[in-house]
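S.K.: got a sequence here, can you build the structure:
(chains A and B)
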There are 2 protein chains.
Amino acid sequence: MDSKAIAILGGTGDQGLGLALRFAKAGRPVVIGSRKLERAQAAAEEVRQAVAGAHVEGLDNADAVRRAPIVILSVPFEHTAATVKAVRDNLAPEQILVSMGVPLATAVGDAAVRTVGVWQGSCAELVAALAPDGVEVVSAFQNVSAHRLRELEHPVECDVVVSGSPGPRKLVMALCALVPGLRAVDGGPLGNARFVEGITALLIGLNVRYKVPEGVGIRFTGLPSA
Amino acid sequence: MDSKAIAILGGTGDQGLGLALRFAKAGRPVVIGSRKLERAQAAAEEVRQAVAGAHVEGLDNADAVRRAPIVILSVPFEHTAATVKAVRDNLAPEQILVSMGVPLATAVGDAAVRTVGVWQGSCAELVAALAPDGVEVVSAFQNVSAHRLRELEHPVECDVVVSGSPGPRKLVMALCALVPGLRAVDGGPLGNARFVEGITALLIGLNVRYKVPEGVGIRFTGLPSA
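M.R.: Residues are numbered from 1 along each chain as shown, chains lettered A, B, ... in the order given. Okay, the predicted model is just below:
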(Lines give C-alpha, C1' and ligand atoms only; values in the text may rest on other atoms or scores of the structure.)
Protein backbone atom coordinates (compact mmCIF):
# COMPACT_ATOMS: atom_id res chain seq x y z
CA MET A 1 0.00 0.00 0.00
CA ASP A 2 1.36 3.40 -1.02
CA SER A 3 1.02 5.69 2.00
CA LYS A 4 0.38 8.68 -0.28
CA ALA A 5 -2.30 6.98 -2.36
CA ILE A 6 -5.96 7.95 -2.20
CA ALA A 7 -8.65 5.50 -3.27
CA ILE A 8 -12.00 6.78 -4.51
CA LEU A 9 -14.86 4.29 -4.70
CA GLY A 10 -17.39 5.46 -7.22
CA GLY A 11 -14.56 7.41 -8.77
CA THR A 12 -16.29 7.14 -12.13
CA GLY A 13 -19.10 9.46 -11.01
CA ASP A 14 -19.02 13.21 -11.42
CA GLN A 15 -17.86 14.19 -7.97
CA GLY A 16 -15.53 11.22 -7.43
CA LEU A 17 -13.86 11.75 -10.78
CA GLY A 18 -13.53 15.44 -9.97
CA LEU A 19 -11.64 14.63 -6.77
CA ALA A 20 -9.53 12.07 -8.64
CA LEU A 21 -8.51 14.72 -11.16
CA ARG A 22 -7.63 17.22 -8.44
CA PHE A 23 -5.64 14.78 -6.30
CA ALA A 24 -3.80 13.48 -9.36
CA LYS A 25 -3.01 17.03 -10.39
CA ALA A 26 -1.57 17.60 -6.90
CA GLY A 27 0.78 14.71 -7.56
CA ARG A 28 -0.87 12.10 -5.37
CA PRO A 29 -1.29 8.50 -6.56
CA VAL A 30 -4.99 7.86 -7.13
CA VAL A 31 -6.87 4.57 -7.25
CA ILE A 32 -10.29 4.74 -8.84
CA GLY A 33 -12.71 2.05 -7.75
CA SER A 34 -15.93 1.01 -9.42
CA ARG A 35 -18.31 -1.89 -9.32
CA LYS A 36 -17.18 -2.54 -12.89
CA LEU A 37 -13.48 -2.88 -13.58
CA GLU A 38 -13.79 -1.58 -17.15
CA ARG A 39 -15.49 1.62 -15.98
CA ALA A 40 -12.78 2.16 -13.37
CA GLN A 41 -10.10 1.69 -16.01
CA ALA A 42 -11.84 4.08 -18.40
CA ALA A 43 -12.06 6.73 -15.66
CA ALA A 44 -8.37 6.23 -14.85
CA GLU A 45 -7.54 6.76 -18.52
CA GLU A 46 -9.63 9.95 -18.50
CA VAL A 47 -7.55 11.26 -15.59
CA ARG A 48 -4.31 10.37 -17.37
CA GLN A 49 -5.49 12.26 -20.44
CA ALA A 50 -6.34 15.34 -18.40
CA VAL A 51 -3.36 15.38 -16.04
CA ALA A 52 0.10 14.87 -17.50
CA GLY A 53 2.11 12.38 -15.47
CA ALA A 54 -0.82 11.30 -13.30
CA HIS A 55 -0.32 8.16 -11.25
CA VAL A 56 -3.77 6.65 -11.42
CA GLU A 57 -5.19 3.20 -11.82
CA GLY A 58 -8.68 1.75 -12.08
CA LEU A 59 -9.68 -1.31 -10.07
CA ASP A 60 -12.85 -2.85 -8.84
CA ASN A 61 -13.94 -1.48 -5.47
CA ALA A 62 -12.87 -4.49 -3.44
CA ASP A 63 -9.34 -4.33 -4.84
CA ALA A 64 -9.15 -0.54 -4.71
CA VAL A 65 -9.62 -0.39 -0.94
CA ARG A 66 -6.50 -2.49 -0.39
CA ARG A 67 -4.34 0.12 -2.08
CA ALA A 68 -4.66 3.29 -0.01
CA PRO A 69 -4.78 4.33 3.65
CA ILE A 70 -7.59 6.74 2.87
CA VAL A 71 -10.62 5.46 0.95
CA ILE A 72 -13.23 7.97 -0.21
CA LEU A 73 -16.76 6.72 -0.73
CA SER A 74 -18.30 8.63 -3.62
CA VAL A 75 -21.37 6.64 -4.53
CA PRO A 76 -25.04 7.66 -4.65
CA PHE A 77 -26.66 7.34 -1.22
CA GLU A 78 -28.74 4.35 -2.27
CA HIS A 79 -25.58 2.38 -3.08
CA THR A 80 -23.71 3.34 0.08
CA ALA A 81 -24.61 0.42 2.32
CA ALA A 82 -24.12 -2.15 -0.44
CA THR A 83 -20.72 -0.68 -1.33
CA VAL A 84 -19.47 -0.72 2.26
CA LYS A 85 -20.69 -4.29 2.68
CA ALA A 86 -18.96 -5.31 -0.55
CA VAL A 87 -15.56 -3.98 0.54
CA ARG A 88 -15.61 -4.38 4.31
CA ASP A 89 -13.70 -7.64 4.38
CA ASN A 90 -10.86 -5.92 2.58
CA LEU A 91 -10.63 -2.95 4.94
CA ALA A 92 -8.05 -3.04 7.72
CA PRO A 93 -7.99 -1.31 11.10
CA GLU A 94 -6.67 2.26 10.96
CA GLN A 95 -7.73 2.75 7.39
CA ILE A 96 -9.85 5.86 6.98
CA LEU A 97 -13.13 5.65 5.15
CA VAL A 98 -14.40 9.06 4.03
CA SER A 99 -18.15 9.47 3.61
CA MET A 100 -19.08 12.19 1.14
CA GLY A 101 -22.59 10.91 0.50
CA VAL A 102 -25.81 12.75 1.17
CA PRO A 103 -29.19 11.07 1.69
CA LEU A 104 -30.84 12.97 -1.13
CA ALA A 105 -34.46 12.09 -1.69
CA THR A 106 -33.57 11.00 -5.23
CA ALA A 107 -32.76 7.71 -3.51
CA VAL A 108 -36.52 7.12 -3.29
CA GLY A 109 -37.51 8.80 -6.53
CA ASP A 110 -38.12 12.25 -5.03
CA ALA A 111 -36.06 15.39 -5.69
CA ALA A 112 -32.44 16.24 -4.85
CA VAL A 113 -33.51 19.40 -3.01
CA ARG A 114 -34.87 17.23 -0.20
CA THR A 115 -33.40 14.47 1.95
CA VAL A 116 -34.64 11.24 3.45
CA GLY A 117 -34.17 10.44 7.12
CA VAL A 118 -31.41 7.98 7.98
CA TRP A 119 -31.90 5.86 11.07
CA GLN A 120 -28.30 6.41 12.20
CA GLY A 121 -28.64 10.18 11.71
CA SER A 122 -26.63 10.73 8.53
CA CYS A 123 -25.03 8.90 5.64
CA ALA A 124 -21.68 9.17 7.45
CA GLU A 125 -23.08 7.53 10.58
CA LEU A 126 -24.64 4.78 8.47
CA VAL A 127 -21.21 4.14 6.99
CA ALA A 128 -19.70 4.11 10.47
CA ALA A 129 -22.30 1.58 11.61
CA LEU A 130 -21.35 -0.73 8.74
CA ALA A 131 -17.58 -0.26 8.79
CA PRO A 132 -15.43 -2.92 10.46
CA ASP A 133 -14.07 -2.27 13.94
CA GLY A 134 -10.98 -0.11 13.89
CA VAL A 135 -11.75 1.53 10.55
CA GLU A 136 -12.18 5.26 11.10
CA VAL A 137 -15.04 6.99 9.33
CA VAL A 138 -14.72 10.68 8.51
CA SER A 139 -17.29 12.92 6.83
CA ALA A 140 -16.11 15.42 4.20
CA PHE A 141 -16.46 16.87 0.67
CA GLN A 142 -20.29 16.76 0.49
CA ASN A 143 -20.66 20.40 -0.48
CA VAL A 144 -18.03 20.60 -3.18
CA SER A 145 -19.41 21.09 -6.68
CA ALA A 146 -18.48 18.29 -9.09
CA HIS A 147 -18.48 20.78 -11.94
CA ARG A 148 -16.02 23.08 -10.24
CA LEU A 149 -13.77 20.19 -9.23
CA ARG A 150 -13.47 19.26 -12.88
CA GLU A 151 -12.52 22.76 -14.02
CA LEU A 152 -8.88 22.11 -13.25
CA GLU A 153 -7.72 25.56 -14.24
CA HIS A 154 -9.89 27.28 -11.62
CA PRO A 155 -9.84 27.17 -7.82
CA VAL A 156 -12.88 25.63 -6.10
CA GLU A 157 -14.27 28.34 -3.84
CA CYS A 158 -15.68 26.20 -1.06
CA ASP A 159 -15.09 25.25 2.57
CA VAL A 160 -15.08 21.56 3.43
CA VAL A 161 -16.46 20.67 6.84
CA VAL A 162 -14.59 17.59 8.08
CA SER A 163 -16.12 15.59 10.93
CA GLY A 164 -14.89 12.51 12.78
CA SER A 165 -12.39 11.45 15.43
CA PRO A 166 -9.60 14.00 15.89
CA GLY A 167 -6.66 12.06 14.39
CA PRO A 168 -8.35 10.81 11.21
CA ARG A 169 -10.17 14.12 10.87
CA LYS A 170 -6.86 15.94 10.75
CA LEU A 171 -5.56 13.61 8.02
CA VAL A 172 -8.62 14.24 5.87
CA MET A 173 -8.43 17.99 6.51
CA ALA A 174 -4.90 17.86 5.09
CA LEU A 175 -6.28 16.45 1.81
CA CYS A 176 -8.24 19.65 1.27
CA ALA A 177 -5.01 21.59 0.94
CA LEU A 178 -4.29 19.58 -2.24
CA VAL A 179 -7.12 21.34 -4.06
CA PRO A 180 -6.75 25.07 -4.78
CA GLY A 181 -9.58 27.04 -3.17
CA LEU A 182 -10.76 24.29 -0.85
CA ARG A 183 -10.40 25.10 2.84
CA ALA A 184 -10.81 22.47 5.52
CA VAL A 185 -12.98 23.42 8.49
CA ASP A 186 -12.89 21.38 11.70
CA GLY A 187 -16.40 19.97 11.88
CA GLY A 188 -16.03 18.19 15.22
CA PRO A 189 -17.55 14.77 15.85
CA LEU A 190 -18.99 12.59 13.10
CA GLY A 191 -22.59 13.27 14.12
CA ASN A 192 -22.25 16.80 12.77
CA ALA A 193 -22.44 15.23 9.32
CA ARG A 194 -26.20 15.54 9.86
CA PHE A 195 -25.93 19.29 9.45
CA VAL A 196 -23.35 19.17 6.68
CA GLU A 197 -25.22 16.68 4.52
CA GLY A 198 -28.32 18.88 4.72
CA ILE A 199 -26.35 21.81 3.35
CA THR A 200 -25.82 19.88 0.11
CA ALA A 201 -29.56 19.65 -0.54
CA LEU A 202 -29.85 23.36 0.26
CA LEU A 203 -27.06 24.16 -2.22
CA ILE A 204 -28.74 22.05 -4.90
CA GLY A 205 -31.86 24.17 -4.44
CA LEU A 206 -29.78 27.35 -4.73
CA ASN A 207 -28.20 26.04 -7.95
CA VAL A 208 -31.71 25.73 -9.38
CA ARG A 209 -33.21 28.98 -8.07
CA TYR A 210 -30.19 31.08 -9.03
CA LYS A 211 -29.43 29.15 -12.23
CA VAL A 212 -25.85 28.25 -11.30
CA PRO A 213 -25.17 24.91 -13.02
CA GLU A 214 -21.51 25.20 -11.99
CA GLY A 215 -22.61 24.87 -8.38
CA VAL A 216 -22.94 27.18 -5.37
CA GLY A 217 -20.48 26.62 -2.52
CA ILE A 218 -20.17 27.75 1.09
CA ARG A 219 -17.66 29.69 3.11
CA PHE A 220 -17.62 30.31 6.83
CA THR A 221 -16.88 33.89 7.87
CA GLY A 222 -15.08 35.00 11.00
CA LEU A 223 -12.78 31.98 11.35
CA PRO A 224 -9.25 32.81 12.42
CA SER A 225 -6.68 32.70 9.60
CA ALA A 226 -4.87 29.38 9.38
CA MET B 1 -50.40 49.88 12.21
CA ASP B 2 -47.31 51.55 10.75
CA SER B 3 -46.52 49.79 7.47
CA LYS B 4 -42.79 50.37 8.02
CA ALA B 5 -42.73 49.02 11.58
CA ILE B 6 -41.08 45.75 12.53
CA ALA B 7 -42.13 43.91 15.69
CA ILE B 8 -39.69 41.60 17.43
CA LEU B 9 -41.11 39.19 19.99
CA GLY B 10 -38.41 38.22 22.44
CA GLY B 11 -36.71 41.44 21.46
CA THR B 12 -35.11 41.57 24.89
CA GLY B 13 -32.88 38.57 24.10
CA ASP B 14 -29.45 38.87 22.54
CA GLN B 15 -30.35 38.19 18.96
CA GLY B 16 -33.71 39.95 19.02
CA LEU B 17 -32.23 43.04 20.59
CA GLY B 18 -29.43 42.94 18.02
CA LEU B 19 -31.95 43.02 15.19
CA ALA B 20 -33.91 45.78 16.95
CA LEU B 21 -30.75 47.91 17.14
CA ARG B 22 -29.94 47.35 13.48
CA PHE B 23 -33.45 48.03 12.19
CA ALA B 24 -33.73 51.13 14.39
CA LYS B 25 -30.38 52.33 13.09
CA ALA B 26 -31.70 51.89 9.55
CA GLY B 27 -34.52 54.27 10.46
CA ARG B 28 -37.34 51.75 10.77
CA PRO B 29 -39.87 51.96 13.60
CA VAL B 30 -39.31 48.99 15.91
CA VAL B 31 -41.69 47.41 18.41
CA ILE B 32 -40.04 45.20 21.00
CA GLY B 33 -42.27 42.56 22.50
CA SER B 34 -41.69 40.55 25.65
CA ARG B 35 -43.71 38.42 28.01
CA LYS B 36 -43.04 41.14 30.55
CA LEU B 37 -43.92 44.71 29.67
CA GLU B 38 -41.19 46.20 31.89
CA ARG B 39 -38.50 44.15 30.18
CA ALA B 40 -39.78 45.23 26.77
CA GLN B 41 -39.70 48.86 27.88
CA ALA B 42 -36.18 48.52 29.28
CA ALA B 43 -34.97 46.99 25.99
CA ALA B 44 -36.63 49.81 24.04
CA GLU B 45 -34.82 52.32 26.22
CA GLU B 46 -31.54 50.51 25.54
CA VAL B 47 -32.13 50.90 21.80
CA ARG B 48 -32.94 54.60 22.21
CA GLN B 49 -29.69 55.07 24.14
CA ALA B 50 -27.66 53.33 21.44
CA VAL B 51 -29.33 54.78 18.37
CA ALA B 52 -29.99 58.50 18.24
CA GLY B 53 -33.50 59.27 17.05
CA ALA B 54 -34.67 55.65 17.18
CA HIS B 55 -38.40 55.08 16.94
CA VAL B 56 -38.83 52.16 19.27
CA GLU B 57 -41.33 51.11 21.86
CA GLY B 58 -41.65 48.18 24.24
CA LEU B 59 -44.94 46.33 24.62
CA ASP B 60 -46.06 42.94 25.80
CA ASN B 61 -46.04 40.36 23.01
CA ALA B 62 -49.78 40.31 22.47
CA ASP B 63 -49.88 44.08 21.96
CA ALA B 64 -46.67 44.17 19.94
CA VAL B 65 -48.03 41.94 17.19
CA ARG B 66 -50.84 44.41 16.46
CA ARG B 67 -48.36 47.10 15.57
CA ALA B 68 -46.40 45.81 12.60
CA PRO B 69 -47.02 43.93 9.34
CA ILE B 70 -43.89 41.86 9.96
CA VAL B 71 -43.48 40.14 13.32
CA ILE B 72 -40.18 38.42 14.09
CA LEU B 73 -40.20 35.59 16.61
CA SER B 74 -36.94 35.67 18.53
CA VAL B 75 -37.57 33.42 21.50
CA PRO B 76 -35.75 30.28 22.65
CA PHE B 77 -37.10 27.19 20.89
CA GLU B 78 -38.76 25.89 24.03
CA HIS B 79 -40.89 29.04 24.26
CA THR B 80 -41.84 29.12 20.59
CA ALA B 81 -45.14 27.24 20.69
CA ALA B 82 -46.30 29.03 23.83
CA THR B 83 -45.45 32.42 22.35
CA VAL B 84 -47.32 31.76 19.10
CA LYS B 85 -50.33 30.49 21.04
CA ALA B 86 -50.26 33.58 23.26
CA VAL B 87 -50.39 36.01 20.33
CA ARG B 88 -52.30 34.14 17.69
CA ASP B 89 -55.65 35.77 18.39
CA ASN B 90 -54.05 39.13 17.71
CA LEU B 91 -52.53 38.18 14.39
CA ALA B 92 -54.39 39.08 11.21
CA PRO B 93 -54.33 37.48 7.76
CA GLU B 94 -51.48 38.71 5.56
CA GLN B 95 -49.28 39.53 8.50
CA ILE B 96 -45.88 37.88 8.20
CA LEU B 97 -44.50 35.89 11.11
CA VAL B 98 -40.75 35.34 10.83
CA SER B 99 -39.31 32.27 12.54
CA MET B 100 -35.66 32.67 13.49
CA GLY B 101 -35.68 29.91 16.10
CA VAL B 102 -33.57 26.78 16.06
CA PRO B 103 -34.46 23.56 17.92
CA LEU B 104 -31.20 23.50 19.85
CA ALA B 105 -30.88 20.60 22.25
CA THR B 106 -30.53 23.12 25.09
CA ALA B 107 -34.34 22.99 25.04
CA VAL B 108 -34.05 19.60 26.76
CA GLY B 109 -30.96 20.34 28.82
CA ASP B 110 -28.43 19.05 26.27
CA ALA B 111 -25.90 21.17 24.37
CA ALA B 112 -26.38 23.92 21.78
CA VAL B 113 -24.16 22.10 19.29
CA ARG B 114 -26.93 19.54 18.77
CA THR B 115 -30.60 19.77 17.84
CA VAL B 116 -33.77 17.95 18.81
CA GLY B 117 -36.14 16.58 16.19
CA VAL B 118 -39.30 18.56 15.56
CA TRP B 119 -42.36 16.62 14.46
CA GLN B 120 -43.22 19.22 11.81
CA GLY B 121 -39.65 19.17 10.49
CA SER B 122 -38.29 22.46 11.79
CA CYS B 123 -39.03 25.28 14.19
CA ALA B 124 -40.37 27.32 11.27
CA GLU B 125 -42.79 24.57 10.27
CA LEU B 126 -43.92 24.22 13.89
CA VAL B 127 -44.68 27.95 13.86
CA ALA B 128 -46.55 27.56 10.58
CA ALA B 129 -48.62 24.74 12.05
CA LEU B 130 -49.65 26.96 14.98
CA ALA B 131 -50.15 30.24 13.09
CA PRO B 132 -53.71 31.30 12.20
CA ASP B 133 -54.94 30.79 8.66
CA GLY B 134 -53.78 33.53 6.33
CA VAL B 135 -50.73 34.48 8.39
CA GLU B 136 -47.60 33.83 6.35
CA VAL B 137 -44.66 32.20 8.08
CA VAL B 138 -41.16 32.88 6.76
CA SER B 139 -37.88 31.45 8.04
CA ALA B 140 -34.85 33.78 8.32
CA PHE B 141 -32.01 35.19 10.45
CA GLN B 142 -31.11 31.94 12.27
CA ASN B 143 -27.43 32.09 11.40
CA VAL B 144 -26.73 35.70 12.24
CA SER B 145 -24.48 36.22 15.26
CA ALA B 146 -26.13 38.20 18.07
CA HIS B 147 -22.75 39.59 19.02
CA ARG B 148 -22.05 40.91 15.55
CA LEU B 149 -25.55 42.38 15.24
CA ARG B 150 -24.87 44.42 18.34
CA GLU B 151 -21.55 45.81 17.09
CA LEU B 152 -23.32 48.63 15.28
CA GLU B 153 -20.16 50.14 13.87
CA HIS B 154 -19.26 46.94 11.96
CA PRO B 155 -20.98 45.13 9.10
CA VAL B 156 -22.32 41.64 9.83
CA GLU B 157 -20.59 39.32 7.37
CA CYS B 158 -23.32 36.73 6.88
CA ASP B 159 -25.82 35.47 4.35
CA VAL B 160 -29.41 35.06 5.49
CA VAL B 161 -31.32 32.19 3.91
CA VAL B 162 -34.96 33.22 3.66
CA SER B 163 -37.57 30.50 3.11
CA GLY B 164 -41.33 30.66 2.68
CA SER B 165 -43.98 31.53 0.12
CA PRO B 166 -42.63 33.75 -2.68
CA GLY B 167 -44.38 37.05 -1.83
CA PRO B 168 -43.70 37.12 1.93
CA ARG B 169 -40.23 35.70 1.35
CA LYS B 170 -39.40 38.66 -0.87
CA LEU B 171 -40.58 41.13 1.79
CA VAL B 172 -38.38 39.50 4.43
CA MET B 173 -35.43 39.36 2.03
CA ALA B 174 -35.78 43.14 1.70
CA LEU B 175 -35.29 43.52 5.46
CA CYS B 176 -31.79 42.08 5.15
CA ALA B 177 -30.73 45.08 3.08
CA LEU B 178 -31.30 47.24 6.17
CA VAL B 179 -28.32 45.66 7.92
CA PRO B 180 -24.84 46.34 6.48
CA GLY B 181 -23.15 43.09 5.51
CA LEU B 182 -26.24 40.91 5.56
CA ARG B 183 -27.18 39.43 2.21
CA ALA B 184 -30.52 37.76 1.63
CA VAL B 185 -30.45 34.44 -0.18
CA ASP B 186 -33.60 32.94 -1.67
CA GLY B 187 -34.09 29.79 0.38
CA GLY B 188 -37.14 28.49 -1.45
CA PRO B 189 -40.04 26.83 0.37
CA LEU B 190 -40.43 26.91 4.13
CA GLY B 191 -39.40 23.28 4.57
CA ASN B 192 -35.82 24.24 3.73
CA ALA B 193 -35.68 25.75 7.20
CA ARG B 194 -34.75 22.20 8.23
CA PHE B 195 -31.36 22.64 6.61
CA VAL B 196 -30.90 26.24 7.69
CA GLU B 197 -31.71 25.66 11.34
CA GLY B 198 -29.14 22.86 11.43
CA ILE B 199 -26.47 25.26 10.20
CA THR B 200 -26.89 27.29 13.39
CA ALA B 201 -25.93 24.34 15.59
CA LEU B 202 -22.95 23.70 13.31
CA LEU B 203 -21.88 27.35 13.62
CA ILE B 204 -22.17 27.20 17.41
CA GLY B 205 -19.76 24.25 17.36
CA LEU B 206 -17.37 26.20 15.13
CA ASN B 207 -17.51 29.15 17.55
CA VAL B 208 -16.35 26.80 20.29
CA ARG B 209 -13.71 24.85 18.36
CA TYR B 210 -12.19 27.96 16.76
CA LYS B 211 -12.69 30.19 19.81
CA VAL B 212 -14.74 32.85 18.02
CA PRO B 213 -17.08 34.28 20.67
CA GLU B 214 -18.14 36.98 18.19
CA GLY B 215 -19.69 34.25 16.06
CA VAL B 216 -18.89 32.51 12.79
CA GLY B 217 -21.18 33.26 9.84
CA ILE B 218 -21.81 31.78 6.41
CA ARG B 219 -21.55 32.97 2.85
CA PHE B 220 -22.59 31.19 -0.30
CA THR B 221 -20.10 31.33 -3.15
CA GLY B 222 -20.90 31.37 -6.85
CA LEU B 223 -24.23 33.21 -6.60
CA PRO B 224 -24.82 35.75 -9.35
CA SER B 225 -24.35 39.37 -8.25
CA ALA B 226 -27.59 41.04 -7.25
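S.K.: what is the burial count for residue A:112?
M.R.: Using other Cβ atoms under 10 Å in any protein chain shown, residue A:112 has 16 other residues around it. For every residue, glycine as well, the C-beta is placed using N, CA and C.
S.K.: for residue A:202, see how far away it is.
M.R.: 11 Å (Cβ to Cβ, to the nearest Å).
S.K.: same deal with residue A:148?
M.R.: Distance, residue A:148 to residue A:202, using Cβ to Cβ: 17 Å.
S.K.: those two: which is more packed in?
M.R.: residue A:202 (26 against 23).
S.K.: grab the nearest non-local neighbour of the more buried one.
M.R.: Spatially, and ignoring its direct neighbours in sequence, residue A:202 is nearest to residue B:195 (4.1 Å; Cβ to Cβ, 6 or more residues apart in numbering or on different chains).
S.K.: element containing the one you found?
M.R.: Assigned by DSSP states H and E, residue B:195 belongs to helix B:193-209.
S.K.: what of residue A:128?
M.R.: Residue A:128 is part of helix A:123-130, with elements assigned from DSSP H and E.
S.K.: ditto for residue A:173
M.R.: helix A:166-176.
S.K.: what packs against that helix?
M.R.: If you count contacts as 3 or more Cβ pairs under 8 Å, 6 or more residues apart in numbering or on different chains; DSSP states H and E, helix A:166-176 packs onto strand A:70-73, strand A:96-99, strand A:136-139, strand A:158-162, strand A:182-186.
S.K.: and the pLDDT for the closest residue to residue A:173 other than its chain neighbours?
M.R.: Once flanking residues are discounted, residue A:173 sits nearest to residue A:184: 3.6 Å by Cβ to Cβ, 6+ apart. Looking at residue A:184, its pLDDT stands at 98.
S.K.: one step back: now the helix holding residue A:173: buried residues?
M.R.: A:168, A:169, A:171, A:172, A:173, A:175, A:176 (16 or more other Cβ atoms under 10 Å in any protein chain shown).
S.K.: need those in CSV (columns: distance to residue B:95 and pLDDT).
M.R.: Shown next, in CSV, are the buried residues of helix A:166-176 (distance: Cβ to Cβ, whole Å; pLDDT from 0 to 100):
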residue, distance to residue B:95, pLDDT
A:168, 50, 98
A:169, 46, 98
A:171, 52, 98
A:172, 47, 98
A:173, 46, 98
A:175, 50, 98
A:176, 45, 98
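S.K.: what's the closest of these to residue A:85?
M.R.: Of all these, residue A:168 has the smallest distance to residue A:85: 21.1 Å, by Cβ to Cβ.
S.K.: contacting residues for the closest residue to that closest one other than its chain neighbours?
M.R.: Nearest residue to residue A:168, sequence neighbours excluded (Cβ to Cβ, 6+ apart): residue A:136, at 3.9 Å. For residue A:136, the contact set (Cβ atoms under 8 Å, 6 or more residues apart in numbering or on different chains) comprises A:94, A:95, A:96, A:97, A:164, A:165, A:167, A:168.
S.K.: go again with 6 Å.
M.R.: A:96, A:165, A:168 (Cβ atoms under 6 Å, 6 or more residues apart in numbering or on different chains).
S.K.: number of nearby residues for residue A:134?
M.R.: Neighbours of residue A:134 under the rule other Cβ under 10 Å: 10.
S.K.: show me what from chain A comes close to chain B.
M.R.: A:157, A:186, A:188, A:195, A:198, A:202, A:205, A:209-210, A:212, A:216-224 (Cβ under 6 Å from any Cβ of the partner chain).
S.K.: find the nearest non-adjacent residue to the residue nearest the centre of chain A, please.
M.R.: Centroid-nearest residue in chain A, with Cα atoms, centre = their mean: residue A:100, separated by 3.9 Å. The shortest distance from residue A:100 to any non-neighbouring residue, by Cβ to Cβ, 6+ apart, is to residue A:141 (4.0 Å).
S.K.: go on, residue A:157?
M.R.: Spatially, and ignoring its direct neighbours in sequence, residue A:157 is nearest to residue B:221 (4.2 Å; Cβ to Cβ, 6+ apart).
S.K.: per-residue confidence at that neighbour?
M.R.: For residue B:221, pLDDT reads 97.
S.K.: I figured it was touching residue A:220, is that so?
M.R.: No: counting by Cβ atoms under 6 Å, residue B:221 stays clear of residue A:220, with 11.1 Å between them.
S.K.: coming back round to it: residue B:129 is nearest to which of the helices and strands packed on helix A:166-176?
M.R.: Across those, closest to residue B:129 is strand A:158-162 (Cβ to Cβ), at 30.7 Å.
S.K.: what helices or strands is the closest one leaning on?
M.R.: Applying 3 or more Cβ pairs under 6 Å, 6 or more residues apart in numbering or on different chains; DSSP states H and E, one finds that strand A:158-162 contacts helix A:166-176, strand A:182-186, strand A:217-221.
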